[in-house]
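Novice: just the structure for this:
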Amino acid sequence: MPGLMRGEVESHPGRPLEDHLLKTANLAEDIARRCLGMVPEELRYIGLLHDVAKAHPRFQAHLKGKGRFGHSEPSGCLALAITRDIIIAEAIRCHHTRMRDDFINEFWCNSDYKDIGKVLAEIPMWPGCEVLAREIGIQGDSWIESWPSSQGWDGLLEYIEDTVSLDEDAWLNFRVLYSLLITADRLDAVSGGVEDMVLPKFALPEGVFEEYIAGMNPTPLAAWRQGIRRKVLETAPGLLSGPGVYTLTLPTGAGKTLVALELAANVAQRDSKYSIIYVLPFITIVEQNSNVAKSIFQTVQQDHHLAYQGEGEESGSLQRFVAMFRYWREPVVVTTFAKLWEVLYSPRANDSMCFHRMANAVIVLDEPQSIPVRYWKGFGETIDFVARKLDSVFILITATQPRMVKGKELAPGKIVLPRSRYTVRYFKESLNIDEMLSALVGQGLACRNTMVVANTRKAALEILFSIRKRSLVREPLFFLSSWVTPADRKRVFKELRAIEEQVSVGQGGFRYLVSTQVVEAGADLDFDMVVRDIAPLDSIVQVAGRCNRHMSDQEGLVLVFELADGQGKGYAKAVYDPILINFTREQFLALDRDGEIQLSEMQVADLINSYYEKLADLNDDGPWFEIRRGKWGSEFSLFDEPSWESTVLIDYRGDIKTIISDIAKKASGIEDRDKRRKMWQEIQDYAINVPESELKQWDDKCGGFIYDDRDRKIEMVSDGLWIVNPSGIGHIYRSDCGFVPVNIYRKFFEDGF
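Specialist: Numbers count the residues shown, from 1 in each chain. A predicted model of the protein is given here:
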């Protein structure tokens, strides 16, 4: 383009386009070299060509605030003309959006040759792009010279359509390249290419596990756990002989988290793996396991949507990049299945960024059965495929190993507890909440440390308030559910653990907890009696793992009821697939002896194996089967989130509306997006999700003539976003039990309770 000076064509304000393209290509190769141990040959082309259409005059005008110009598609079309590689072209075309289904036919074969050529003809060979052109092998004075004739374009597309198979191998190759490009592109945009993407190396100080174990509180099971640890560490490395999927099946309370971390660390060092990724079911237990990992490893990244509140403007651009995109940078990462699911399957560009971090890694999946049953088969095939192709190791650890994938077992034979810690009793008659509580009184509720787990949040609140109204136990009586803010949940876990520690040294008194499923997996809690509304059998067994966890002298008791509301409708139907509940019921009823159904902990393994056999034909759904059919853009949620639930912010300090207003004022640049994200994360610790209908009932109840906004207990600030103001705390939201629906509030509080 005549008259253009070097550096005048920009990728971002103040950044020469050629500088961004070269540094993105270099960053992508550096990351690939460190994570994959090699650089895919296509990667250089992808990095150098991904934004080449930004040289178009309309994009340069856009940088100055005039109009818009979509640069990704013309960049992808030029890349296809130059490289004749559809994977390169498609990665570039959708690097700001998402992967698409059957993109060869849906987009490329329907592309308009004349329109594309017209746009490409207007892209100049700007001063400064000479080095790019030389590397790519472009000769001549314009990019359009690489553009084929109409007949040549049709022939290229016909050749691609006939020869390219969008199978799982192509998907893996694409997703690796896609994640490398997106990571390098975003990092360079945020940091200006100043910071080197040097990933820290995995390191394990000598003797650190022994030191950690020496500082643990002694329990009756300590010697047994140490014996298991020694056996696993002696035998498992010999069985773990290469990339693939392995299982480690240990009873609850066997210290499997610590054993798995030590085994993963030893294998990572032995086999020169680049990282350890520890995956957990729920955010509520990530912090607990992160604290264990942080006590052992030098650097640990805790990854979930509330984990980056400390990152702000004072942080370096690399730290801000990690926080903004939740990029796995550290050698040890503790994250959730929801995040892993996105990394594996989400078609969205930013969600795909960490995919290459799964190469040359040891990936520990804690309680993998928490993945919905319908996805087991596909997920198992996915991790087996990824392990073999990316030279990684997956270790599935649980007491109830699901039939998800055929992995080599690492436990040294059948691990047997010294004795049974609890007895399970199943009550086949349907009971309402008051009838169940009366039964618990007969089981010694008042003098047993007890946890009651309900299937729904409303049922849990009814149980809590009924216990208090009838004065069935002494305080402290705690409560946990997803209607309790993350901040209050953390406080409750901390207080419960503190009481347990007092009891372990002969101090403290009784403790009681009413909860939903948030305590099901990984929560290191211990109760004498555990009560559970009927659920899928593996969920019941996980909750039972909180009963007499440390094997005290008195055997614990696990009671399983079938709870129903006032109309006789079971609460389980609102949460679980009725097929799973029926299978569970069948397993228990098969044990019926003269009307009594009970079993010891030692019998649980056989029961769960029989249950899993029945599930074998239920798990043929999910993204993996779509991927194998070329449907790379399909989206599946791991855990179904009700679309009718709204976000509710609990405004303890009275400043949340101001923060929301500040968020809304920010512009759309990268720096402002970072500030907006930081402000939003500051209030996420006080956020819950509640059905819109429940919130509107409170809004109607609190309505009427309000002369001052300070009098409002609850208000909707936008679609899907509500605030409980300080005046509503203690009514609509209580720190001891979370959100309280109107009908429950009326039943238990307006009558004087």
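
Novice: off-centre distance for the helix or strand harbouring residue 210?
Specialist: Residue 210 belongs to helix 208-214 when elements are defined using DSSP states H and E. Distance of helix 208-214 from the chain centroid (C-alpha atoms, centre = their mean, to the nearest Å) equals 29 Å.

Novice: what comes up buried for it?
Specialist: residue 209 (16 or more other C-beta atoms under 10 Å). All C-beta atoms are positioned from the backbone trio N, CA, C, and that covers glycine.

Novice: number the chain from 296, please
Specialist: In the new count, where the first residue is 296, that last one comes out as helix 503-509.

Novice: list the contacts of that helix.
Specialist: The contact list for helix 503-509, computed with C-beta atoms under 8 Å, 6 or more residues apart in numbering, reads 521, 524, 553, 556, 557, 560, 587, 590, 591, 592.

Novice: send the alpha carbons of it over as CSV?
Specialist: C-alpha atoms of helix 503-509 as CSV (Å, rounded to 0.1, in the frame of the first residue of the first chain):
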residue,chain,number,x,y,z
VAL,A,503,8.2,-33.4,52.2
PHE,A,504,5.5,-36.0,52.4
GLU,A,505,7.0,-37.6,55.6
GLU,A,506,7.2,-34.2,57.1
TYR,A,507,3.6,-33.4,56.3
ILE,A,508,2.4,-36.8,57.7
ALA,A,509,4.4,-36.3,60.9
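
Novice: could I have the helix or strand following it exported to CSV, CA atoms only?
Specialist: Reading on from helix 503-509 to the C-terminus, the next helix or strand found by DSSP H and E is helix 517-534. Taking C-alpha atoms only, helix 517-534 is exported to CSV below (Å, rounded to 0.1, in the frame of the first residue of the first chain):
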residue,chain,number,x,y,z
ALA,A,517,-3.2,-43.7,61.4
ALA,A,518,-1.1,-46.9,61.4
TRP,A,519,-3.5,-48.6,59.0
ARG,A,520,-3.3,-45.6,56.6
GLN,A,521,0.5,-45.6,56.8
GLY,A,522,0.5,-49.3,55.9
ILE,A,523,-1.6,-48.7,52.9
ARG,A,524,0.6,-45.8,51.8
ARG,A,525,3.7,-47.9,52.0
LYS,A,526,2.1,-50.7,50.0
VAL,A,527,0.8,-48.5,47.3
LEU,A,528,4.1,-46.6,46.9
GLU,A,529,6.0,-49.9,46.7
THR,A,530,3.8,-51.7,44.2
ALA,A,531,2.0,-49.0,42.1
PRO,A,532,5.1,-47.6,40.3
GLY,A,533,5.8,-51.0,38.8
LEU,A,534,2.2,-51.3,37.6
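
Novice: what helices and strands are in contact with the next helix or strand along the chain from helix 517-534?
Specialist: Per DSSP H and E, the first helix or strand lying C-terminal to helix 517-534 is strand 539-544. Secondary-structure packing of strand 539-544 (3 or more C-beta pairs under 8 Å, 6 or more residues apart in numbering; DSSP states H and E): helix 517-534, helix 551-565, helix 671-685, strand 688-693, strand 703-704.

Novice: now the nearest residue to residue 398 once chain neighbours are set aside: how far from residue 870?
Specialist: Once flanking residues are discounted, residue 398 sits nearest to residue 385: 5.5 Å by C-beta to C-beta, 6 or more residues apart in numbering. Taking C-beta to C-beta, to the nearest Å as the measure, residue 385 falls 40 Å from residue 870.

Novice: out of those two, which sits in the more crowded spot?
Specialist: Under the criterion of other C-beta atoms under 10 Å, the comparison of residue 385 against residue 870 puts residue 385 first, with 24 against 18.

Novice: how many neighbours does residue 345 have?
Specialist: Neighbours of residue 345 using other C-beta under 10 Å come to 29.

Novice: right, and it touches residue 316 too?
Specialist: Yes. The pair residue 345 / residue 316 is scored as a contact, 7.3 Å apart, by C-beta atoms under 8 Å.

Novice: ok, and for the longest helix along the chain, which residues are buried?
Specialist: Ranked by residue count, the top helix of the chain under DSSP state H comes out as helix 463-486. Across helix 463-486, burial judged by 16+ other C-beta under 10 Å covers 463, 465-467, 469-486.

Novice: mind giving me the packing neighbours of it?
Specialist: helix 312-330, helix 338-344, helix 381-388, helix 612-620, helix 671-685, helix 965-979.

Novice: quick one, which of these is packed in tightest?
Specialist: helix 381-388 (a mean of 26; mean count of other C-beta atoms under 10 Å).

Novice: following that helix, which helix or strand comes up?
Specialist: helix 398-401.

Novice: keeping just the C-alphas, turn the helix or strand that that following helix is followed by into CSV.
Specialist: The element immediately downstream of helix 398-401 (helix or strand, assigned by DSSP H and E) is helix 408-416. Extracted in CSV, the C-alpha atoms of helix 408-416 (Å, rounded to 0.1, in the frame of the first residue of the first chain):
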residue,chain,number,x,y,z
TYR,A,408,-15.3,-17.2,-3.7
LYS,A,409,-15.9,-13.7,-5.2
ASP,A,410,-16.6,-12.0,-1.8
ILE,A,411,-13.5,-13.6,-0.2
GLY,A,412,-11.3,-12.6,-3.1
LYS,A,413,-12.5,-9.0,-3.0
VAL,A,414,-11.6,-8.7,0.7
LEU,A,415,-8.2,-10.4,0.3
ALA,A,416,-7.4,-8.1,-2.6
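
Novice: distance from helix 408-416 to the middle of the chain?
Specialist: 42 Å.

Novice: now stretch 855-874
Specialist: On C-alpha atoms, centre = their mean, the centre of stretch 855-874 falls 28 Å from that of its chain.

Novice: contacts for that stretch, please.
Specialist: 668, 719-728, 731, 734, 749-751, 754, 812, 826-831, 835, 876, 880, 883, 913.
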